[in-house]
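Enquirer: Sequence below, structure please.
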Amino acid sequence: MQAEFFLSWPDHFSRVIVTVTIEQYDRLAHRHAQYTVQIMSRPVTNRDFLARLQNVMGMDTVYAHFDIIPYMDLYLKYALAAANAAAEEILCYYRGDFEVELKADQTPVTVADRRAEEIIRGILLGEFPDHGFYGEEGGKEQEDADFLWLVDPIDGTKSFVGGYGMFSTQIALMHHGRLVLGVSSAPAAGEIAWAVNGKGALLNDSPVFVSGKTSLSDASVSTGNLQSMAKSDQWARLGRIFAMVNRTRGYGDYYHYHRLAAGQLDAVIESDVNILDIAALSVIVQEAGGIFTDLEGRPPDLQTTSVLAATPGLHATLLGMLNE
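Expert: Numbers count the residues shown, from 1 in each chain. Modelled structure (predicted):
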């Protein structure tokens, strides 16, 4: 068997599908024949890949052209399907009659929250039963799995209950602690954004990019939840930032992250968030070219409770001012 391959397996994909077109010389027919085979799961080395080919085809000499199709594309397909299915359910209740309960943290929850999460969980774990699931309403399941879905079925339940459209469904995928996929669906506003690591970000099917702003005097900054910051030394520092920027807004929720990713806003600052609120949005902003950390400059993880997201030209300046 003689063949050369130069493969680079993306380190954040634990499994891949390799589709191979093989040209093999048929000595009896005195011609070359072509075959197409699929090898699933990630080969460890090029030699292992060739060995699998030999086992499948039983050939002596192979000339192969192949495409690596990451499972990430499959994960995105079902994340989008789950978001769309949840949107249909949520809109059935929106501005309708339903009971509102208060959870232990005094935040509201409705039947729409629970039904949407059940739908999302059913779709994702139905397709990927070995994955973990962390939902706002149902808690954690198989949280030590290699892949962990992070889901807030209705982020902004107060907005949903109040009958205005500043709510969204957030679906993210974490692999060994690293966020690799995000879907943010705002059905009442008709917006859906998504991103996969290394593939850019899209908003309603169109690629989006953060702005190129580098000067605070030109920048528009939006803030969200700031309760804990208001009680800290950072409050005065935030005031100095406000005095220097071109424009301040308080859009909150999914909306200012979508605007940041689309280049219509230049920075977002929040001091009180849950990772389920912002996990998907962090992937989207970063894939649009932005920088997304907490207020101390750390990348998002399951313990993240604050956000500083901005263009590359502004993030370091804002981080320095908030922590001077």
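
Enquirer: If you count neighbours, what's buried in the longest helix along the chain?
Expert: Criterion DSSP state H: the longest helix present in the chain is helix 71-93. For helix 71-93, burial by neighbour count (16 or more other CB atoms under 10 Å) applies to 71-72, 75-76, 78-79, 82-83, 85-87, 89-90, 93. (Glycine included, C-beta is placed from N, CA and C.)

Enquirer: same question, stretch 268-281
Expert: Residues of stretch 268-281 classed as buried by neighbour count (16+ other CB under 10 Å): 268-271, 273-281.

Enquirer: among the residues you listed, which are in strands?
Expert: 268-270 (DSSP state E).

Enquirer: for those, which one is nearest W194?
Expert: Ranked by distance to W194 (CB to CB), those are led by V268 at 18.4 Å.

Enquirer: The closest one reaches A309, doesn't it?
Expert: Yes. Counting by CB atoms under 8 Å, V268 does reach A309; the two are 4.5 Å apart.

Enquirer: and for those two, which residues touch both?
Expert: Shared contacts of V268 and A309, defined by CB atoms under 8 Å, 6 or more residues apart in numbering, comprise 257, 260.

Enquirer: Export the buried residues of helix 71-93 to CSV and append columns for pLDDT.
Expert: Shown next, in CSV, are these (pLDDT from 0 to 100):
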residue, pLDDT
Y71, 76
M72, 86
Y75, 94
L76, 96
Y78, 96
A79, 98
A82, 98
A83, 98
A85, 98
A86, 97
A87, 97
E89, 95
I90, 95
Y93, 90
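
Enquirer: Of those residues, which is the nearest to F167?
Expert: I90 (8.1 Å).

Enquirer: For that closest one, list the residues it contacts.
Expert: I90 neighbours (CB under 8 Å, 6+ apart): 112, 116, 153-154, 160, 169, 187.

Enquirer: Give the helix, strand or coil label for the residue nearest to F242 when sequence neighbours are not counted.
Expert: In this structure, F242 finds its nearest non-sequential neighbour in T248, 5.3 Å apart by CB to CB, 6 or more residues apart in numbering. Classification of T248 by DSSP: H, G, I helix; E, B strand; the rest coil places it in strand.
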